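Student: Just a sequence and a predicted model for now, questions to come.
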Amino acid sequence: MPAKTTADTDIADDELEPVADETAHQAQRVVAAYAADADECRMLLSMLGIGPESKTD
């Protein structure tokens, strides 16, 4: 049975704000602890928008 959705609860991309660094680090630790393997961990972090970012100096 599909979940019911309404337009009233949709959030526009411009209304979303990035999470604080500390919150992202805590979420990364929780995801890593419960992920079955590294691939699943990467996928979940990416879906949450808190995956490791490439460092460009």
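Tutor: Everything's here; your move.

Student: C-alpha from now on. contacts and neighbour counts both.
Tutor: OK.

Student: Distance of the residue nearest to the spatial centre of the chain relative to Ala27?
Tutor: Nearest residue to the geometric centre of the chain (CA atoms, centre = their mean): Leu48, 1.0 Å. Look at Leu48 and Ala27: by CA to CA, to the nearest Å, they are 9 Å apart.

Student: List the residues that contact the closest residue to Leu45 other than its chain neighbours.
Tutor: Excluding the flanking residues, the one nearest Leu45 by CA to CA, 6 or more residues apart in numbering is Gly51, at 4.5 Å. For Gly51, the contact set (CA atoms under 8 Å, 6 or more residues apart in numbering) comprises Gln28, Arg42, Leu45.

Student: Tell me the secondary structure at the nearest residue to Ala38 once chain neighbours are set aside.
Tutor: Nearest non-adjacent residue to Ala38, counting by CA to CA, 6+ apart: Ala32, 7.9 Å away. Assigned by DSSP: H, G, I helix; E, B strand; the rest coil, the conformation of Ala32 is helix.

Student: looking at it, Ala32 is touching Cys41, isn't it?
Tutor: Yes. With contact defined as CA atoms under 8 Å, Ala32 and Cys41 form a contacting pair (5.7 Å).

Student: who's more crowded, these two?
Tutor: A count of neighbours by other CA atoms under 10 Å puts Cys41 above the other of Ala32 and Cys41, at 20 against 17.

Student: which SSE is that one in?
Tutor: helix 38-48 (DSSP states H and E).
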